[in-house]
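> model the following, please.
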Amino acid sequence: MKKQTNESEGRECPSERARAQLHRALRLLSGKWKGEILWQLVDGKQRFGQLRRAIPDVTQHMLTTQLRDLESEGLVKRTVFPEVPPRVEYEMTPAARALRPVFDELFRWANAHARPEPDAEAANAAGKGNDKLP
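Next up is the predicted model:
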């Protein structure tokens, strides 16, 4: 398949650049747990154990993998303190904090259009929802 170009040879169409940027952004955030991890870090720094307890369905291996991915992409900062036992904290970078409006809109969209999962309906009815937005 031939890449679309403008009249000037070798220059990509703006729509191709936009598409490529969208795909890059989606790759950065894809993964079952990345959105949940970032959501948990919205309120500030957390240690690994705190994240693990806040996201009970994630395995230790998967949480570690997803945190490493987010760190390598510049969305999470990992701070290791030279203590015994070692203490490690994770926090959002400014780049990740810039995603806050995106998460806010996704939250609003989900409230308006997404079908609730049966378990989520029961939890919300019992007052155990994990909503951080008003």
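> can we go C-alpha only for contacts and neighbour counts from here?
OK.
> and the strands in this protein?
Using DSSP state E, the strands of the chain run over 46-47, 76-81, 87-92.
> now those in a markdown table, with distance to Thr65?
Listed next are the strands of the chain as a markdown table, based on distance: least, C-alpha to C-alpha, whole Å:
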| stretch | distance to Thr65 |
| --- | --- |
| strand 46-47 | 15 |
| strand 76-81 | 12 |
| strand 87-92 | 13 |
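> for Ala98, see how far away Ile37 is.
Distance from Ile37 to Ala98, counting by C-alpha to C-alpha, to the nearest Å: 15 Å.
> who has more neighbours, the two?
Neighbours were tallied for Ile37 and for Ala98 using other C-alpha atoms under 10 Å; the higher tally belongs to Ile37 (22 against 12).
> I'd say the more buried one and Gln50 touch.
No: counting by C-alpha atoms under 8 Å, Gln50 is not a contact partner of Ile37; they are 10.8 Å apart.
> will you turn the strands of the chain into a markdown table that also has distance to Lys32, mean pLDDT and mean neighbour count?
What follows is those, written out as a markdown table (distance: least, C-alpha to C-alpha, whole Å; pLDDT from 0 to 100; neighbours: other C-alpha atoms under 10 Å):
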| stretch | distance to Lys32 | mean pLDDT | mean neighbour count |
| --- | --- | --- | --- |
| strand 46-47 | 19 | 96 | 16 |
| strand 76-81 | 16 | 96 | 16 |
| strand 87-92 | 18 | 96 | 19 |
